[in-house]
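when you get a sec, could you give me coordinates for this:
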Amino acid sequence: MLSNINFWEYLSAIIFYFLLLIKPISNQGIACYKCMTIDANNDSCQDPFSSLLNPIHNNCQATSVGKDGTFSARFCVKISGRVTSIDGGANASYLNTIFYYRTCIVDNIMESTKSLETSGSFRLKGFQDMSGSIRLQGHISLCTHDGCNHARTLCSSLLIIILDLLLIIYVSRFS
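Numbers count the residues shown, from 1 in each chain. Predicted coordinates:
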């Protein structure tokens, strides 16, 4: 059946296949969980984490430093720790609470450390549109794949597409 298809029809089908399947994948941002908790009784965002209570946000959008609007996120971030101090009008109820925050971001907030994880003391300034800042003793980690777990990436999807096309061509030549 496929043996009567000429080269140009194969090429057209391959181009169409790539445009149809790869273009939508490449335009999407990363998928991340988004939640925050400072209440020990509300553990929906704490570890161990439950994805049943926190749906994943596909094509996660976030703001970028110095730019207006939202953009497709490049990183998922998890921040956890104990709030050790507040300043500049930050909410005093955060003090001495255990803090968990998961979201997506566009810019690499870990660029100065050249790592995707760090522990120690750090400050969140202008967090959640609040004035002032909070200082945490804890952990920050970034990841660059969906949901911070091993989801299928564009490279593996591309490999599967190429193998499918080679199988179609092989079957059409020898059937």
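
which stretches in the protein count as helices?
For the chain, the helices defined by DSSP state H occupy 7-26, 154-173.

counting by contacts, list what the longest strand along the chain packs against.
Using DSSP state E, we find that the single longest strand of the chain is strand 75-87. The contact analysis (3 or more C-beta pairs under 8 Å, 6 or more residues apart in numbering; DSSP states H and E) places strand 75-87 against strand 32-33, strand 98-105, strand 133-143. Heads up, the C-betas are built off the backbone N, CA and C, glycines and all.

quick one: closest of the ones you listed to Asn91.
Nearest of the helices and strands packed on strand 75-87 to Asn91, taken as C-beta to C-beta: strand 133-143 at 8.1 Å.

how about Ala73: what's its closest non-neighbour residue?
Spatially, and ignoring its direct neighbours in sequence, Ala73 is nearest to Cys104 (3.5 Å; C-beta to C-beta, 6 or more residues apart in numbering).

just list whatever residues bridge to that neighbour.
For Cys104, the beta-bridge partners are Cys76 (DSSP bridges).

pLDDT below threshold where in the protein?
The chain contains residues with pLDDT under 70 at 1-5, 7-28, 40, 42, 127-130, 149-161, 163-164, 167, 171, 174-175.

many thanks, we can stop here.
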